[in-house]
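Q: Got a sequence here, can you model it:
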Amino acid sequence: MIDFRYHLVSIVAIFLALALGIILGSTTLSQSVTKGLQSEAKAAQERGDRLRDENTQLTQQVKGDEQFAQVLGSQIVSNRLKGQSVVFVETPGAGADSLEQISDLAQQSGAAVTGRVTIQKKYLDDKQVQTVDALASQLKPEGVTVPADAQPYDKAAAVLASALVTKDPAKAGREDAPGGTILNAFKQAGYVTTSGNPGQHATLAVVIAPSTPYTGSGGDTDNDALLSLTTALDAADRGTVLGGPVTASQKGGLIKALTDSDDKKNVSSVNVADKSSGQVVTILALQEELGGKSGQYGINAENGYLPSPAPAAGKQG
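A: Numbering: from 1, shown residues only. Here you go, the predicted model:
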């Protein structure tokens with residue numbers, strides 16, 4: 001007969017064996033897990049090193065591309081806009097640096113720069129809509145037609161465009177009395193400021209979009225007003241390009257508003273106009289406009305980074 005002492009010893013032996021198995025198993029498992037984690041950590045470090053190397057290479061490549069455009073940009077654009085003139089329109093929140101650089105390139109391309117019109121925030125103020133409407137109706141010159149159901153900013157855009165640009169070579173480079181009156185009235189109302197001689201009727205226009213997309217309930221209204229001006233310029237001249245940084249092509253941006261509309265068929269855009277290479281693209285886009293072609297250019301743009309094939313140098317439409 002098996003006594004109690006035998007049972008006790010057996011039970012103790014079973015628990016000792018179980019404890020020993022757990023210890024041995026956990027030790028083996030721990031070593032396996034440790035080796036696995038070490039392997040994953042090493043692989044992650046190697047991936048990180050590769051990504052850092054790739055990032056360094058891409059950064060150097062971007063700097064190289066920018067340097068290339070800065071050094072050779074004037075040669076690339078030479079004579080592409082010969083005999084033309086350009087007016088620049090700066091919207092509230094636009095980057096003035098890119099405007100200056102594009103202006104320099106335009107002159108190096110053979111075009112004359114008439115001047116700059118800077119749209120003030122007051123122009124977009126909701127409280128000013130009735131005043132804008134009344135001013136546009138009062139100043140509308142003969143020969144400028146607007147639909148009977150045109151909105152206030154559509155009217156104002158057509159009136160302003162008539163003072164800034166023209167398709168008629170005979171009027172290019174000349175400021176007339178109606179145009180001077182329009183610009184003076186908009187300046188006195190606090191809606192615009194000017195530099196140079198933007199009333200000398202340019203044949204081409206560049207509009208610089210706000211760098212920061214509009215947000216909130218009034219954003220769409222502001223974009224609509226600025227888009228009306230952009231399209232009015234394009235309708236009255238030989239070509240208009242809307243430029244800005246890539247943020248302007250994001251939700252709430254003016255370039256995004258253009259590319260989401262039917263107006264993209266007529267107005268070109270460049271969403272890298274803050275980059276040296278994008279400023280060259282802006283000149284190429286203006287040349288394309290002269291030939292009756294419009295496109296959306298830049299990063300993830302519908303028609304690629306630049307017109308392809310690029311228009312031949314020295315040829316205008």
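
Q: What is the helix or strand where residue 230 lies packed up against?
A: Element membership for residue 230 (DSSP states H and E) is helix 219-236. Helix 219-236 sits against strand 85-90, helix 121-124, helix 152-164, strand 204-208, strand 240-243, helix 254-259, with contacts defined as 3 or more Cβ pairs under 8 Å, 6 or more residues apart in numbering; DSSP states H and E. For the C-beta atoms, the positions are set from N, CA and C on the backbone; glycine is no exception.

Q: 6 Å instead, please
A: Contacts defined by 3 or more Cβ pairs under 6 Å, 6 or more residues apart in numbering; DSSP states H and E place helix 219-236 against helix 152-164, strand 240-243, helix 254-259.

Q: Residues contacting the first one, please?
A: If you take Cβ atoms under 6 Å, 6 or more residues apart in numbering as the criterion, helix 152-164 is touched by 87, 129, 132-133, 136, 139-141, 144, 146, 179, 182-183, 198-199, 225, 228-229, 232-233, 236.

Q: ok, back up a step: now do the helix holding residue 230 against helix 152-164, angle only.
A: 40 degrees (axes from the mean of the first three to the mean of the last three Cα atoms, to 10 degrees).

Q: ok, residues contacting helix 219-236?
A: Taking Cβ under 6 Å, 6+ apart as the rule, helix 219-236 contacts 91, 124, 153-154, 157-158, 161, 165, 205, 207, 214, 240, 242, 252, 254, 257, 263, 266-267.

Q: With mean pLDDT added, can I get the helices and strands packed on helix 219-236 in a markdown table?
A: Converted to a markdown table, the helices and strands packed on helix 219-236 look like this (pLDDT from 0 to 100):
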| stretch | mean pLDDT |
| --- | --- |
| helix 152-164 | 97 |
| strand 240-243 | 98 |
| helix 254-259 | 97 |
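
Q: and residue 172, which of those is closest to it?
A: Shortest distance between residue 172 and the helices and strands packed on helix 219-236, using Cβ to Cβ, is found for helix 152-164: 11.4 Å.

Q: Let me know the next secondary structure element after the closest one.
A: In N-to-C order, the element after helix 152-164 by DSSP H and E is helix 177-188.

Q: What is that next one packed up against?
A: If you count contacts as 3+ Cβ pairs under 6 Å, 6+ apart, helix 177-188 packs onto helix 152-164.

Q: rewinding a little: now for the helices and strands packed on helix 219-236, which one comes closest to residue 273?
A: Of all those, strand 240-243 comes closest under Cβ to Cβ, at 3.1 Å.

Q: tell me what that closest one is packed against?
A: Judged by 3+ Cβ pairs under 6 Å, 6+ apart, the packing partners of strand 240-243 are strand 204-208, helix 219-236, strand 268-270, helix 276-290.

Q: okay, the ones you listed, which one's buried deepest?
A: strand 268-270 (a mean of 32; mean count of other Cβ atoms under 10 Å).

Q: mind listing what that strand pairs with, with the direction of each?
A: strand 240-243 (parallel), strand 296-297 (parallel) (DSSP bridges).

Q: Touching the shortest one from outside, list them.
A: Residues external to strand 296-297 that are found in contact with it (Cβ under 6 Å, 6+ apart): 259, 264, 269, 270, 281, 302, 303, 306.

Q: follow-up on the earlier one: okay, angle between the helix holding residue 230 and strand 85-90 too, please.
A: 170 degrees.

Q: re the thing from before, of the helices and strands packed on strand 240-243, give the one that comes closest to residue 52.
A: Smallest distance to residue 52 across the helices and strands packed on strand 240-243 (Cβ to Cβ): 24.8 Å, for helix 276-290.

Q: Now do that closest one, average pLDDT.
A: What helix 276-290 shows for mean pLDDT is 96.

Q: Show me what that helix packs onto, helices and strands only.
A: Helix 276-290 packs on helix 4-77, helix 96-108, strand 240-243, strand 268-270, going by 3+ Cβ pairs under 6 Å, 6+ apart.
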